[in-house]
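[1] pasted the sequence and its predicted model underneath.
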Amino acid sequence: MQAKIKTMIILDKPYVSDYLKKTATDHQFPVLANDYSKSLQLNSSTKFYSDEEAVNHYKATPNARIYSNSENSIQWIAQHLNGTNLPEKINWFKDKVAFRKLTEKFFPEVFYRSVNIKKIDKIEIQDLPIPFVIKPAVGFFSLAVYPVQSYDEWPVVKEKLKKEIRKAALLFPSEVLNSTTLIIESFIPGIEFAFDAYYDENGIPTILNILKHEFASIDDVSDRVYVTSKDIMEKYLPPFTDFLDTLGALIELKNFPLHVEVRVDENGKLVPIEVNPLRFGGFCTTADLTPYAWGFNPYAAFFQNFKPDWNDILKDKAGKLFALIVLDNSTGLKSEEIKSFDYQKLLSGFEKTLELRKLDHSEYPLFGFVFTETREDNFEELASILQSDLREFCQL
């Protein structure tokens, strides 16, 4: 007789890191046997479960937990777990319009409006608050996200948005990116942060990391550089945990992992940007920086109810800065114009490289990711890559 599944990982496109693969194998966390996970050539000791086994055991097991690296899995959950409350909880977050409705009583200062992309040319731009941000109501990885700082910018932004959405719609299913409905939101001022967390079986939240999102300018919406440090963790753990307490109580979140993006203004006021359900940072990024920075496995932490002892973890981290660098294709060049990318030249600009992950830029608009460690007083190396369009590393 098979043991009930208390945990399960759903692995799907676009990317699964070696670290997450090893986590599943080493900890014997069951993996859903879909076409993608079976193509990954996981260790022979990996536990695989069919659709039927996964569904039956999930529904029969109290406090069952699911983690997925990709929002592509939402389609499977919607189809196979429609008799549970999981699809509804996911949708509260995945649909940015629904999320704003859920939280508007706590953040009435955030203006938002949904619009069908077919009606984008009919928008009365003068009726909108400047500045604002327009993006897909269901989106991913800063795709088709555009800030509008003045009314004069709108005609150009509108055409760029339509073009990018058409292109992105070919890469991702509708559960990941909705190419039909957009959301317009007032621009949220302040410093931006991203963090991974989970709710346990009692609805108590645990934060696993906090990263500050650095920007090159006020118009920058890219995901190029995220940093974390002892100071960041100590300062923001209490208010971010309080926010999760409030959020979890709204829809009784339990046994639930999530990736959260917020802004904090100069008065310490926190306003959420979005919450990404059932996963940590996309492309196995923020979670995989956590063991380098803080010395524990965040995936195992979720499944095993691990609560970090931050006083102990941070005691010898003063003066250190850990960074996630996203090598998005900001060159302005088409992928077919780029013959190769000089990773060694790129890495020569960093004090200490923890890991380099290369990606095929012809498949996704990314050259890869870099994890680094540096001294806090050597932020210049991160400022340099933040300002670069990466052309200097491309061979044409």
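    Arrived safely. Numbering: from 1, shown residues only.
[2] quick check: domain ranges of the chain?
    Here the domain assignment for the chain is 7-84, 111-186, 191-395, based on automatic domain parsing.
[3] out of these, which gets nearest to residue 104?
    Closest to residue 104 of these is domain 111-186 (C-beta to C-beta; 8.0 Å). C-beta coordinates here come from the backbone N, C-alpha and C atoms, glycine included.
[4] now the end-to-end length of the closest one.
    5 Å (C-alpha to C-alpha, to the nearest Å).
[5] and for stretch 313-328?
    One end of stretch 313-328 sits 31 Å from the other (C-alpha to C-alpha).
[6] that one - what's its average pLDDT?
    On average, the pLDDT along stretch 313-328 is 97.
[7] buried set for it?
    Residues of stretch 313-328 classed as buried: 314, 317, 320-328 (neighbour count, 16 or more other C-beta atoms under 10 Å).
[8] show me which of these is closest to residue 291.
    Nearest to residue 291 out of the buried residues of stretch 313-328 is residue 322 (C-beta to C-beta; 10.6 Å).
[9] shaky segments in the stretch 251-396 of the chain?
    Within the stretch 251-396 of the chain, no range satisfies pLDDT under 70.
[10] show me where it has its strands.
    Using DSSP state E, counting those that start in this stretch, the strands of the stretch 251-396 of the chain run over 256-264, 270-277, 320-328, 340-341, 353-358, 366-375, 394-395.
[11] same list, those strands, but as JSON lines with distance to residue 215 please.
    Output for the strands of the stretch 251-396 of the chain, formatted as JSON lines (distance: least, C-beta to C-beta, whole Å):
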{"stretch": "strand 256-264", "distance to residue 215": "11"}
{"stretch": "strand 270-277", "distance to residue 215": "13"}
{"stretch": "strand 320-328", "distance to residue 215": "12"}
{"stretch": "strand 340-341", "distance to residue 215": "23"}
{"stretch": "strand 353-358", "distance to residue 215": "22"}
{"stretch": "strand 366-375", "distance to residue 215": "18"}
{"stretch": "strand 394-395", "distance to residue 215": "23"}
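[12] just the helices in the stretch 201-350 of the chain please.
    230-251, 286-294, 298-304, 310-313, 343-347 (DSSP state H, counting those that start in this stretch).
[13] rebuild these as TSV, extending it with distance to residue 15.
    TSV is the format used below for those (distance: least, C-beta to C-beta, whole Å):
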stretch	distance to residue 15
helix 230-251	26
helix 286-294	11
helix 298-304	15
helix 310-313	27
helix 343-347	17
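[14] out of the ones you listed, which comes closest to residue 277?
    helix 230-251 (10.8 Å).
[15] got a list of what the most centrally placed residue in the chain touches?
    Centroid-nearest residue in the chain: residue 281, 3.3 Å away (criterion: C-alpha atoms, centre = their mean). Residue 281 makes contact with 194, 196, 259, 287, 324, according to C-beta atoms under 8 Å, 6 or more residues apart in numbering.
[16] before we move on, what about residue 48?
    By C-beta under 8 Å, 6+ apart, residue 48 lies in contact with 30-33, 37-38.
[17] tell me the bridge partners for it.
    Residue 48 forms beta bridges with residue 31, as assigned by DSSP bridges.
[18] how near is the closest residue to residue 151 other than its chain neighbours to residue 184?
    Here the nearest residue to residue 151 in space, its sequence neighbours aside, is residue 125; by C-beta to C-beta, 6 or more residues apart in numbering that works out to 5.4 Å. From residue 125 across to residue 184, the span is 10 Å (C-beta to C-beta, to the nearest Å).
[19] more neighbours, those two?
    Neighbour totals were compared for residue 125 and residue 184, and residue 184 leads with 19 against 14 (other C-beta atoms under 10 Å).
[20] now do the SS call for that one.
    strand (DSSP: H, G, I helix; E, B strand; the rest coil).
[21] packing partners of the helix or strand harbouring residue 91?
    In this assignment (DSSP states H and E), residue 91 forms part of helix 86-94. Here helix 86-94 touches helix 73-80, helix 96-103, strand 270-277, going by 3 or more C-beta pairs under 8 Å, 6 or more residues apart in numbering; DSSP states H and E.
[22] hmm, try it at 10 Å
    Counting contacts by 3 or more C-beta pairs under 10 Å, 6 or more residues apart in numbering; DSSP states H and E, helix 86-94 packs against helix 73-80, helix 96-103, helix 230-251, strand 256-264, strand 270-277.
[23] quick one, what contacts the nearest residue to residue 308 once chain neighbours are set aside?
    Distances taken as C-beta to C-beta, 6+ apart place residue 296 nearest to residue 308, at 6.3 Å, with adjacent residues excluded. Going by C-beta atoms under 10 Å, 6 or more residues apart in numbering, residue 296 touches 208-209, 290, 306, 308-309, 313.
[24] at 7 Å what do you get?
    Counting by C-beta atoms under 7 Å, 6 or more residues apart in numbering, residue 296 touches 290, 306, 308.
[25] what number of residues lie near the second one?
    When you say that, I think you mean residue 306. By the criterion of other C-beta under 10 Å, residue 306 has 15 neighbours.
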